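S.K.: all I have is the shape, not the residue letters:
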């Protein structure tokens, strides 16, 4: 690659000090200062005719993933809209400098070109790319809007329809082919040239153009075009608002993006539109609690999934033989996750031949469906199906590098399996992991020989395991640091978020769920009953998506999971009343707040949940595919029975009081977990509840 005379190549990566790693070319203060100085010097140099802006000097890797979000916690307008002390330019300053350049600037785009990176590209007079480009404006996902001209320049370049699609949805996956189609790009590198070579061709051509052509390339001089399909721009904005979440339910930033885009064609000038964008951006940055919550989650997710050391185990590089014990719902999902990540062979094991056959069939069908939907290439599908093996004999796991046990929650059964694995698995450093959701990992590990215990831990997936992103990595007393780091690395490779937690009953997520579900039931029984009393749906509607924002209310969750699961856990804990003798379990202590309504509905009524079409609610296969909760007269009668002696019987509660009563015990348990060292950081708990239990991101976490 040769740089012709008259062309200045400015690489964003050169702006980062060697002591500060910046793999995504974040537009930090150092980088912005470097870019401003470099561009100004190039403009002053009479020998320079054109400028090429590129991510790295070799034209490979990332262009820029956008602003340095860590700066958003300061008082600088996130270094986007408000000038900083010391003459450090904002992103807006840079965009105006690029757009107003007296010499053509060609942005050569590769890899990620997101947020502020895309806004700088929009300010350039020309944009070229290679096929690696993925561009977008995802600011809405951290509770903001584009603040360096994105809401004003993109509508002028590509139209309001496209701007709404990219900005309101927070897209990050727009390709070079899409960029050519919509007009974002002017050219794409040929197969035999780099993006820098392509930019050089455009630079040579642009240098010969008259100044009036350069003036027309500045988007600030353009007006927003009419829609190609004949729809009014104002109507498209109104329609977009209808698809946004309500403002109080996490929709502040999405709705704000629409209003900023609306300003691109409603206000009298580009300058006025930029002022609207600036005011909206700053209002969200400084005053939106939802925005703070979104940014908290952004940083929490990254800190929780980043290890302090790197594993050297081949498993951490996507290589190894995987065993999954149990072909039920969890085992199937776990096997799919490993197959999709390219591990293999993956051996699914179950002593029940029919269950194993059903599990294999489900895995094959799921992978094929994913391939048809474009989530999985045909070649990867073929490889994954070839890597799937099955057996009813534990000895088939002899050569495994990692085994995940996913049988039902019975300590005796799990200990027996691990005892057998101890002698079957040949590799002494093979990871032997349990998918237990509540049981004592140390008790499971103790069935192994002492030398193997350092390689044993919990790997608690959430159901359905191939869809849910969370994995609790449970640290036993003998689990080594290397084992934890390997599990963490493997979890990332199967595209999930690992949270390392300590060993206790229920770990973090399920332990906090216990007081939550208990208080939900006690609140219902305390205030339910009669025609005017609190109902099951009252509690669910207060906690659910239309008010507080959880994906489902507590009673709906119980019905989906199966009410027998909670019943069996209470029985294992020794707090149930013996149905034959009438004796209360030994661990139900005197004075313990407890109601038997959930026990009776399972034990005497068989109301196990959706799977039997009756639980806290009724379910009709003809209504909502059997998943829509319907009121139950039988459950109302049971509630009347258990609430009859409550002094608050038959009284309604405001939604806020229901939320506080039900969630405060959960929060309090979280503090206990932190105090005991079961979780190492409050943000770990927030990520567990966001990805494992449907906590609304705009609430920030418990």
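M.R.: Looks like it arrived, so ask away. All figures in this text were calculated on a predicted structure; none of them were measured in a lab.

S.K.: quick one: buried residues of the top helix by length along the chain?
M.R.: Looking across the chain with DSSP state H, the single longest helix is helix 655-676. By 16 or more other Cβ atoms under 10 Å, the buried positions in helix 655-676 come out as 655, 658, 659, 661, 662, 663, 665, 666, 669, 670, 673, 674. C-betas here are computed from N, CA, C, even on glycine.

S.K.: redo the residues you listed as CSV? Include pLDDT.
M.R.: Below are the buried residues of helix 655-676 laid out as CSV (pLDDT from 0 to 100):
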residue, pLDDT
655, 96
658, 97
659, 97
661, 97
662, 97
663, 97
665, 97
666, 97
669, 97
670, 97
673, 97
674, 97
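
S.K.: which one of these is nearest residue 47?
M.R.: residue 674 (61.8 Å; Cβ to Cβ).

S.K.: surely residue 509 meets residue 694?
M.R.: No: assessed by Cβ atoms under 8 Å, residue 509 is found out of contact with residue 694, at 11.3 Å.

S.K.: these two: which has the busier surroundings?
M.R.: Legend: neighbour count by other Cβ atoms under 10 Å for residue 509 and residue 694, higher for residue 509 (22 against 15).

S.K.: show me the contacts for that one.
M.R.: 462, 470, 472, 688, 689, 692, 693 (Cβ atoms under 8 Å, 6 or more residues apart in numbering).

S.K.: all helices of the stretch 451-600 of the chain, in order?
M.R.: For the stretch 451-600 of the chain, the helices defined by DSSP state H, counting those that start in this stretch cover 481-493, 509-527, 536-543, 554-561, 563-572, 597-603.

S.K.: let's have the ones you listed in a markdown table, adding mean pLDDT and distance to residue 622.
M.R.: As requested, the helices of the stretch 451-600 of the chain are exported to a markdown table (pLDDT from 0 to 100; distance: least, Cβ to Cβ, whole Å):
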| stretch | mean pLDDT | distance to residue 622 |
| --- | --- | --- |
| helix 481-493 | 96 | 41 |
| helix 509-527 | 95 | 28 |
| helix 536-543 | 97 | 20 |
| helix 554-561 | 93 | 18 |
| helix 563-572 | 87 | 22 |
| helix 597-603 | 96 | 23 |
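
S.K.: so which of these gets nearest residue 168?
M.R.: The nearest among these, by Cβ to Cβ, is helix 536-543 at 27.7 Å.

S.K.: could you say what helices and strands the closest one packs with?
M.R.: helix 509-527, helix 554-561, helix 655-676 (3 or more Cβ pairs under 8 Å, 6 or more residues apart in numbering; DSSP states H and E).

S.K.: now name the helix or strand holding residue 161.
M.R.: helix 160-168 (DSSP states H and E).

S.K.: quick one: contacts of the helix or strand just after that helix?
M.R.: With elements assigned by DSSP H and E, the helix or strand that comes after helix 160-168 is strand 174-175. Residues from elsewhere that reach strand 174-175, judged by Cβ under 8 Å, 6+ apart: 131, 133, 134, 135, 136, 166, 184.

S.K.: quick check: the fifth one vs residue 167, distance?
M.R.: Using Cβ to Cβ, to the nearest Å, one gets 9 Å for the distance from residue 136 to residue 167.

S.K.: likewise the first one?
M.R.: Look at residue 131 and residue 167: by Cβ to Cβ, they are 24 Å apart.
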